[in-house]
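Predicted model follows, preceded by the sequence.
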Amino acid sequence: TRERMAKRVLAARGMAEEWRIQTMNLSAYESQGVGWWRGRARAYVADEMGVGKTVQALVALHDVGSVTVVCPAAVVGNWYNEFEKWGSGQRVQVVSYASLHRLDGVGDAVVLDEAHYTKSHKAKRTKRALQHAREAPRAYLLSGTPMPNHPGELWTSFHYLHPDPPGSSTHLTLPHTNPT
């Protein structure tokens, strides 16, 4: 059953069974996804809308004290609702990309929802988001639209995951592309 599979995945990762999380409501692939996320301090999850990226991120972050979510303004309320349903009592702050300049500290984890909003490494919001992601011990990027217009746009995402990657953004451009 789904509940048994979820318990096996959670037990395999050494997680306590007394979670307040409703694991029986996770699908099999969501439970497997949570296990994958738990083994990583930084991850980029690019999947279609509606397949459970938000829930997986929240369940994977059950053990952190505070979480900062940066997302489009239209989904700020949805993130609070999801934390109420799936969270485990963390301190939560949810801010839009437009209000990143007001953010003071990030806590234990940062989630960048719709991470493709930060594809231009020259944009102010990208620089702010990158700074906050670097400050956090854990950083998860979520996107339902991961494909870039040109390969250079991937550099920003890679930079979130590995703050000191070899080379620069120009190494990811091709001769026929026009980098931003």
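Cool, got the structure.

Near residue 91, how many other residues are there?
12 (other C-beta atoms under 10 Å). C-beta here means a position set from N, CA and C on the backbone, and glycine is covered the same way.

Hmm, it is touching residue 69, no?
No. Residue 91 lies out of contact with residue 69 (C-beta atoms under 8 Å); the separation is 11.8 Å.

For residue 55, which non-adjacent residue is spatially closest?
residue 86 (5.7 Å; C-beta to C-beta, 6 or more residues apart in numbering).

give me the low-pLDDT residue ranges for this structure?
Across the chain, the ranges flagged by pLDDT under 70 are 1-24, 146-148, 160, 163-180.

Mind jotting down where the strands sit in it?
Secondary structure of the chain (DSSP state E): strands at 42-46, 66-71, 91-96, 109-112, 138-143.

now those strands as TSV including distance to residue 35?
Converted to TSV, the strands of the chain look like this (distance: least, C-beta to C-beta, whole Å):
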stretch	distance to residue 35
strand 42-46	12
strand 66-71	19
strand 91-96	23
strand 109-112	17
strand 138-143	14
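
what's the closest of the ones you listed to residue 154?
strand 42-46 (9.6 Å; C-beta to C-beta).

how close does residue 31 sit to residue 142?
Relative to residue 142, residue 31 is positioned 18 Å away (C-beta to C-beta, to the nearest Å).
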